[in-house]
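*Asks:* Give the three-dimensional model of this entry:
(one chain, ligands or ions: 2)
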Amino acid sequence: MKVGIVGAGMVGSAAGYALALRGGASEVVLVDRNLALATAQAEDIAHAVPFAHPCRISAGDYDALEGTDLVILAAGVAQKPGEDRLSLLSRNADVFAQVIDGVQRAAPEAMLLVASNPVDVMTDVALHASGLPPERVIGSGTILDTARFRSLLGGHLGVAPQSVHAYVLGEHGDSEVLAWAAARAGSEPVEHFAVQVGAAITGEVRARIDEGVRRAAYRIIEGKGATWYGIGAGLARIVQAVRDDQRAVLSVSMATPEVEGVRDVALSLPRVVGRAGVLATLMPELASDEATALRRSAEMLKETAEALG
Ligand SMILES: NC(=O)C1=CN([C@@H]2O[C@H](COP(=O)(O)OP(=O)(O)OC[C@H]3O[C@@H](n4cnc5c(N)ncnc54)[C@H](O)[C@@H]3O)[C@@H](O)[C@H]2O)C=CC1
Ligand SMILES: CC(=O)C(=O)O
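*Replies:* Numbering: from 1, shown residues only. Ligands and ions are numbered 1, 2, ... in the order given. As a prediction, this is how the structure comes out:
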């Protein structure tokens, strides 16, 4: 599969690197308004290929995206320390107006995978600018927050995060919802599992994990200026689900007809992802406070998207 990446900064290059290491694409093309940066990133990533899987890595302008099956959109501005994701919206919406036009001229049928923040509203922007069907305009959404949740919960329970099935729903941002009631370790509800392994999930444990997930980006950005490894791996994971028609259940963002009474809003829910994009959406069983928080998150995203116009 040929994958394009527009935005060859930290996130775009990390996605390219993860794709090369995972063998997630046969060809990766990096595009950036800074061609020298894209070219340097492509050369650097290409030097990892002999240690990984066959993959052609190059850089170019939008024309080089011709024939791409999927384009990752990671262009635009990122948060500064203390800044929230929503504050990036108007700047990144302007960037997307140019970027999507360039992508569509070269690869009108390519599936779009949005990473730029605020990713849920940017997914909505990409959907409307591209005219593609919603199942082919996917936002990375809470794939990263879900990874953070599984990682912290697995650490507490003493099991691999791969054995933890727990999702973060709603906004990829401050209003996100950790779906504790539906969380499983192995096949067990996490509360049962926790008691069996002598690691009860107390209120204090919940609060610590919630803060660890919700505030992760702020902490990392404070310490190193940006986040890129987690999202790079998450983007490569989504690409692989598409490439291999895996029908993997991943928490990703997309325009959703209705959630908790809110209509036509892009946000994350667990979704089945395969070659055609999003094939199905799942609604986990939620506790009443989780359902309320998800409705608030959806309302906020909807109002933000409407205010953008
Ligand atoms: N969805 C998620 O989970 C995550 C999303 N992000 C978001 O990803 C985006 C990129 O972050 P970084 O890579 O750290 O930023 P960065 O500043 O390292 O890279 C952004 C790149 O976009 C390019 N760019 C800007 N305007 C452009 C245009 N009109 N056309 C083509 N290229 C353009 C810049 O030249 C730059 O190389 C940000 O919006 C950030 O908030 C970051 C981490 C996680
Ligand atoms: C920056 C960002 O969105 C994250 O690391 O979650």
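*Asks:* So which bits of this structure are right by ligand 1?
*Replies:* Listed as neighbours of ligand 1 in the chain under the rule Cβ under 6 Å from any ligand atom: 6-12, 32-34, 37, 74-79, 88, 92, 95, 98-99, 115-117, 119, 140, 144, 172, 226-227, 231. Glycine gets a C-beta too; all of them are placed from N, C-alpha and C.
*Asks:* Mind checking which of these are buried?
*Replies:* Burial by neighbour count, 16 or more other Cβ atoms under 10 Å: within the residues of the chain next to ligand 1 this picks out 6-12, 32, 37, 74-76, 78-79, 88, 92, 95, 99, 115-117, 119, 140, 144, 172, 227, 231.
*Asks:* Quick one: mark the members of those that sit in strands.
*Replies:* Per DSSP state E, strands hold the following members of those: Val6.
*Asks:* hang on, the earlier thing: from the residues of the chain next to ligand 1, pick out the ones that also neighbour ligand 2.
*Replies:* 79, 117, 144, 227.
*Asks:* Whichever helix or strand Ala217 is part of vs ligand 2: in contact?
*Replies:* Using DSSP states H and E, Ala217 sits in helix 216-224. Yes - for helix 216-224, a contact with ligand 2 is found by Cβ under 6 Å from any ligand atom, at Ala217.
*Asks:* Pull out the buried positions in that helix.
*Replies:* With burial defined by 16+ other Cβ under 10 Å, the residues of helix 216-224 counted as buried are 216-218, 221.
*Asks:* mind listing the strands for this protein?
*Replies:* Under the criterion DSSP E, the chain carries strands at the ranges 2-6, 27-31, 56-59, 70-73, 111-114, 137-139, 164-165, 168-169, 177-178, 184-185, 188-189, 248-259, 262-274, 277-281.
*Asks:* The ones you listed into CSV, with extra columns for mean pLDDT?
*Replies:* As requested, the strands of the chain are exported to CSV (pLDDT from 0 to 100):
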stretch, mean pLDDT
strand 2-6, 98
strand 27-31, 98
strand 56-59, 98
strand 70-73, 98
strand 111-114, 98
strand 137-139, 98
strand 164-165, 98
strand 168-169, 98
strand 177-178, 98
strand 184-185, 98
strand 188-189, 96
strand 248-259, 98
strand 262-274, 98
strand 277-281, 98
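*Asks:* Would you mind pulling the contact partners of the longest helix belonging to the chain?
*Replies:* As assigned by DSSP state H, the longest helix anywhere in the chain is helix 288-308. If you take Cβ atoms under 8 Å, 6 or more residues apart in numbering as the criterion, helix 288-308 is touched by 86, 89-90, 93, 118, 120-121, 124-125, 169-171, 175-181, 259-267, 286.
*Asks:* pLDDT below threshold where in the stretch 1-150 of the chain?
*Replies:* Nowhere does the stretch 1-150 of the chain drop to pLDDT under 70.
*Asks:* That one against ligand 2: which residues are in contact?
*Replies:* Counting by Cβ under 6 Å from any ligand atom, the stretch 1-150 of the chain sits next to ligand 2 at 79, 85, 117, 144.
*Asks:* Which residue does this structure have closest to ligand 1?
*Replies:* Residue nearest to ligand 1 within the chain: Gly9 (1.8 Å; Cβ to the nearest ligand atom).
*Asks:* so what's that residue closest to, chain neighbours aside?
*Replies:* Spatial nearest neighbour of Gly9, excluding adjacent residues (Cβ to Cβ, 6 or more residues apart in numbering): Ala74 at 6.8 Å.
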